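Visitor: show me how the following folds:
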Amino acid sequence: MDRSVAQGRPPDARHDRWTGPGTGRWLAIATGVALVLIALAVYTTTLTERYYDHFVWQAAAFLEGQTAIRYPTPENEIFQDVLPIETSDGVPRGQIPLPAPAGAPPPAVRRDLGPHDE
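Guide: Residues are numbered from 1 along each chain as shown. Have a look, this model is predicted:
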């Protein structure tokens with residue numbers, strides 16, 4: 001009768017070259033390095049000048065505690081899909097009308113409370 005995968009290795013596994021004490025660790029490291037090298041190769045071969053860098057602008061806005069990007073700036077002033085909005089911090093900003101990924105929570109944004117909102 002043949003052993004199934006669920007039954008594990010045969011009892012004489014000490015003669016198997018894949019069951020050494022450090023083999024699992026080295027195999028995991030080699031797999032991780034291979035995945036990083038593949039990702040690096042894909043990144044470097046597809047690297048192009050991005051014309052519409054809205055994800056970078058949104059990330060910068062999130063780091064500033066805002067959901068709206070800085071607008072207009074030399075990089076994005078020619079785009080007509082950015083909606084200029086009023087802000088409380090005095091920085092000109094615009095909202096990019098892009099839907100959020102499904103199931104993604106909205107970013108945590110600090111809201112300055114006015115005297116009537118306390």
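Visitor: model confidence over the biggest helix by length in the chain, on average?
Guide: If you go by DSSP state H, the chain has its longest helix at helix 23-45. What helix 23-45 shows for mean pLDDT is 90.
Visitor: one more: stretch 82-96?
Guide: On average, stretch 82-96 scores 85.
Visitor: give me the buried positions along stretch 59-78.
Guide: For stretch 59-78, burial by neighbour count (16 or more other CB atoms under 10 Å) applies to Ala61, Glu64, Gln66, Thr67, Ala68, Ile69, Arg70, Tyr71, Glu75, Asn76. Bear in mind the C-beta positions are built from the backbone N, C-alpha and C, glycine included.
Visitor: quick check: the two most widely separated of these?
Guide: The largest separation in those, counting by CB to CB, is between Thr67 and Glu75 at 18.5 Å.
Visitor: contacting residues for Thr45?
Guide: By CB atoms under 8 Å, 6 or more residues apart in numbering, the contact set of Thr45 is empty.
Visitor: and it, how far from Asp89?
Guide: Noted for Thr45: a distance of 41 Å to Asp89, by CB to CB, to the nearest Å.
Visitor: do Arg25 as well
Guide: Taken as CB to CB, the span from Arg25 to Asp89 is 51 Å.
Visitor: can you check Tyr71 too?
Guide: Relative to Asp89, Tyr71 is positioned 13 Å away (CB to CB).
Visitor: now swap in Ile96 and tell me
Guide: Using CB to CB, Ile96 is found at 18 Å from Asp89.
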